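Chemist: requesting a structural model of the entry that follows:
(2 chains)
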Amino acid sequence: MFKDKACIVGIGETPFCRKPGSGLTEMGIQLKAAVAALEDAGLEAAQIDGILPFPNVGKAEAFAASLGCENLRFAATLHMGGAAPVGSLHMAAMAVTSGAADYVMVPGGWNGYSGARVRETAANDVNSIPGGEIARDFYMPFGLTAPPQWYALMARRHMHEYGTTAEQFGAVALAMRKHAQLNPAALMHGKPLMMADYLASPYIASPYRLLDCCVETDGAAAFIVTTVERARDLRQKPVYIMGAAAGQPYPADEITNRADFHRTGLTNAAPEAFRMAGVTPADADFAQIYDCFTFEVIQQLEEAGFCKRGEGGAFVENGGIELGGHLPVNTHGGLLSQAHVLGISHVVEAVRQLRGEAGARQVADAEIGVVTGWGDFGDGSIAVLRR
Amino acid sequence: MSEQATPYDKPVPALTGLHGEFYAWCRDRELRFQRCTGCGRYRHVPRDICAHCSSMEWEWVRSSGRGTVFTWTDVVRALHPAFAAATPYAPVIVEMEEGVRLLSRVVDCTPDELQIGMPVEVDFQQVSDALTLPVFRRASVAR
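Modeler: Residues are numbered from 1 along each chain as shown, chains lettered A, B, ... in the order given. Model prediction:
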């Protein structure tokens, strides 16, 4: 559909922090990332005529007015939680190749540590949680209130059906932490992790322990998509969008009554994206997999087709997803050990790898990379990128 | 109930619409699910239309109340202030004989005692004059 016709031409990222907080509003921190992306691309704000903001900044109009995008003509917000940034990458590619926009800005970020905590969303604003009235009326009265609890139900079932182990969850946590040691911007840089530490960390919502959970963070990132033709005049070597797709589990608004309990948005989206790209998962030199919790990495590796369902645990063991393994995953440290910025930093890291700018954590000669998003009750998005 | 001296402080469902009808049956100590009169399929959570045959005709049919534990999580650290004093507790998905699943709790065992496949049967927990929650107990009789 739009294979190799659209590309990412600019990336921007703020520093990541927990205490004492960013000192910026959630709009402000995303504007800061957007300005960095414009600078990276060599574009002026007035050239940005499409914006796909995360729901927390409100309407694109306010973002455009603040940034100086006086020619805005294409705007939308995807309600897919952490799957939104990569879903927006998909939508941006469609927009620029159809002519709906010339340059699309995708910002994302929040004060995830100093502001409202995502884990407490249900206590603060029940209307903003996935499932809405279903969660309010059928989950929350029984104490199912937060993301690690929703996904723990899936993780437990996977362990039961496929024999996936705590040590395999731990292998994901260790790989992300190992990569963070090569990334000075990561919150967990300088804090190595051993399996014994992982196994000794307290349960939050079993089978999830504390160290299965990502790090709530203040931070933001942004990227800019345009056509290959327009990219020729810009500052950076473009990163081409070979394929992209988004998908939903079924039913998407209700976790318990899924005929196939392990089917996620990626189950349908990944084959579509690889088909468009004309490559297979085995062709990827790395993958940035949305890692809100450890098991979600295992599950997405399976559903995206990097291995068969049930084999994800073995796939991540023995350094399999570490740099030097068969598929380096989350080379920046991911949500688990770099920062939880809604997965948009996974796109930024994929671009850095394909530009050859990843420094000590560079995947040698990286040519093709995959990035995924996961959100709400299992919404999925995926992009296959190349240099 | 001795706890009625303190008002119920946990999240409660809105007792309106189809969700309210589900809980109205619970208040009568009956677990009922919608069954499509077009194709006969049970469904949960309540919806206006059958996703299989598009029929908008349905009836509330009483469940056998029997099911098995499908999966669960043991919440050790509460992530909602109303449940801070309740930990550890375990939200459980129960797969009912009718084929539908619902999220609930098993109230007569600790999280450590839960097992996938464990037979359970429905019971009811009146938490206020207006609200009774469907909960589960370990099945008392082998079957």
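
Chemist: contacts and neighbour counts: CA atoms only from here.
Modeler: OK.

Chemist: wait, a strand at A:M242?
Modeler: Yes - counting by DSSP: H, G, I helix; E, B strand; the rest coil, A:M242 is found in a strand.

Chemist: residue contacts, it?
Modeler: Contact analysis of A:M242 by C-alpha atoms under 8 Å, 6 or more residues apart in numbering or on different chains lists A:2-4, A:276-278, A:383-386.

Chemist: burial count for A:E70?
Modeler: Applying other C-alpha atoms under 10 Å in any protein chain shown, we find 15 residues neighbouring A:E70.

Chemist: which residues of the stretch 1-150 of chain A lie near chain B?
Modeler: Neighbours of chain B within the stretch 1-150 of chain A, by C-alpha under 8 Å from any C-alpha of the partner chain: A:119-120, A:122-123, A:134, A:136-146, A:149.

Chemist: one more time with 10 Å, if that's ok
Modeler: Contact residues, the stretch 1-150 of chain A versus chain B (C-alpha under 10 Å from any C-alpha of the partner chain): A:117-124, A:126, A:133-150.

Chemist: how about the helices in chain B?
Modeler: Using DSSP state H, the helices assigned to chain B run over residues B:17-27.

Chemist: same thing with the stretch 151-300 of chain A?
Modeler: With DSSP state H, counting those that start in this stretch applied, the stretch 151-300 of chain A shows helices at A:166-180, A:195-200, A:228-231, A:265-277, A:294-303, listed in chain order.

Chemist: strands along the chain, start to end?
Modeler: Looking at chain A here, since you left the chain open. With strands called from DSSP state E, chain A shows them at A:6-13, A:50-51, A:74-75, A:103-111, A:203-206, A:208-209, A:218-227, A:239-247, A:286-288, A:368-375, A:379-386.

Chemist: to clarify, I was referring to chain B.
Modeler: Going by DSSP E, chain B shows strands at B:32-36, B:42-43, B:58-62, B:66-72, B:74-75, B:91-96, B:101-105, B:119-126, B:132-138.

Chemist: out of these, nearest to chain A?
Modeler: Each of the strands of chain B has some distance to chain A by C-alpha to the nearest C-alpha; the shortest is strand B:74-75, at 4.3 Å.

Chemist: what about that closest one and chain A, touching?
Modeler: Yes - contact of strand B:74-75 with chain A (C-alpha under 10 Å from any C-alpha) involves B:74-75.

Chemist: now do that strand: which elements does it pack against?
Modeler: Contact analysis of strand B:74-75 by 3 or more C-alpha pairs under 10 Å, 6 or more residues apart in numbering or on different chains; DSSP states H and E lists helix A:147-162, strand A:203-206, strand B:91-96 as its packing neighbours.

Chemist: what residues does that strand touch?
Modeler: The contact list for strand B:74-75 (C-alpha atoms under 10 Å, 6 or more residues apart in numbering or on different chains) reads A:143-144, A:148-149, A:152-153, A:203-208, B:83, B:86-92, B:110-112, B:114.

Chemist: let's test this: mean pLDDT of that strand, rounded?
Modeler: Mean pLDDT, computed over strand B:74-75, is 98.
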